[in-house]
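[1] The sequence and its predicted three-dimensional model are supplied below.
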Amino acid sequence: MKPVILMTGHTMPELAARRGDFDLWYAQLAGWSPDRFHVVDAVGGEPLPNPHNVDALIVSGSAHSVADYADWSVASGQFMTEVVNAGIPTLGICYGHQLIGDCLGGRVGVNPAGREIGISVITQRGDDPIFDGLPTNFPVIQTHVDAVLDAPGAAEIIASNDNTEIQAMAIGKRTRTVQWHPEFDIDIIGHYITVRAEAIESEFGPGHASKLLKALQPVETGRVIMRNFLNNFAAGKV
């Protein structure tokens, strides 16, 4: 099995130079060698594979907006929809969560509750196997402005919080999506908060970025989620 990582965006260049990009972070999270994944740079225009040759799919986050309907994003959405409809295990992360929501008939737009960035607490709704080993309430690392505002008819909402009702979705047996970033650690999100401090403080007031930075603490829940996906969903055990 060689899961495809569909890159719908890249991290900030200065962070990539020091820490690598999303695809490397997914591999590190899984405890896998990077060469066990097939990375496709969709946002960079790399040709998409045949959907029926995909063993499993991870759709990355992005600073772009699904609602812009860029050509590369529309093509990625069509590819991803074929993968999902074929019952191939799929994990959508942040932009990937929103792209799946949009393509399957939901609605994506600017979150009326505002930007969510830093550490937040998520509450499970039900007992989905993507969260095996996690408590009902658990911390995650976030950075998003857009959100899935209306879930597709085929989706079950499996996690929420006060900021965003649709934090995670289950679509059939093999597709799961999360709004947050399982692959981020406190060094990574600290960089994002620092770079975006002006926008954060414009929205929430002076000193808010510093408050977010002071609240950072190690979060290990992403490792559990990625390994549940690869070891259970992608391996055909769910």
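    Looks like it came in fine.

[2] So which residue is smack in the middle of the chain?
    Nearest to the geometric centre of the chain sits residue 93, at 1.5 Å (C-alpha atoms, centre = their mean).

[3] give me every residue that touches that one.
    58-61, 177-178, 180-183 (C-beta atoms under 8 Å, 6 or more residues apart in numbering). All C-beta spots, glycine's among them, are computed from the backbone N, C-alpha and C.

[4] what do you get if the cut-off is 7 Å, keeping everything else the same?
    Residues near residue 93 by C-beta atoms under 7 Å, 6 or more residues apart in numbering: 58-61, 178, 181-182.

[5] Next one: it, what pLDDT does it get?
    You'll see residue 93 listed with a pLDDT of 99.

[6] Could you number the chain from 47 rather than 1 from now on?
    That works, and once the first residue is 47, the last one we named lands at residue 139.

[7] Can you tell me the closest non-neighbouring residue to it?
    Closest residue in space to residue 139, ignoring its immediate chain neighbours: residue 107 at 5.3 Å, by C-beta to C-beta, 6 or more residues apart in numbering.

[8] Spell out the secondary structure type for the residue of the chain most remote from its centre.
    The outermost residue of the chain, judged against the average C-alpha position, is residue 252 (28.7 Å), by C-alpha atoms, centre = their mean. Using DSSP: H, G, I helix; E, B strand; the rest coil, the structure places residue 252 in coil.

[9] Can you list phi and psi of it for me?
    phi -60, psi 140 (degrees, to the nearest 10).

[10] For it, give its distance to residue 236.
    In this view, residue 252 and residue 236 are 19 Å apart by C-beta to C-beta, to the nearest Å.
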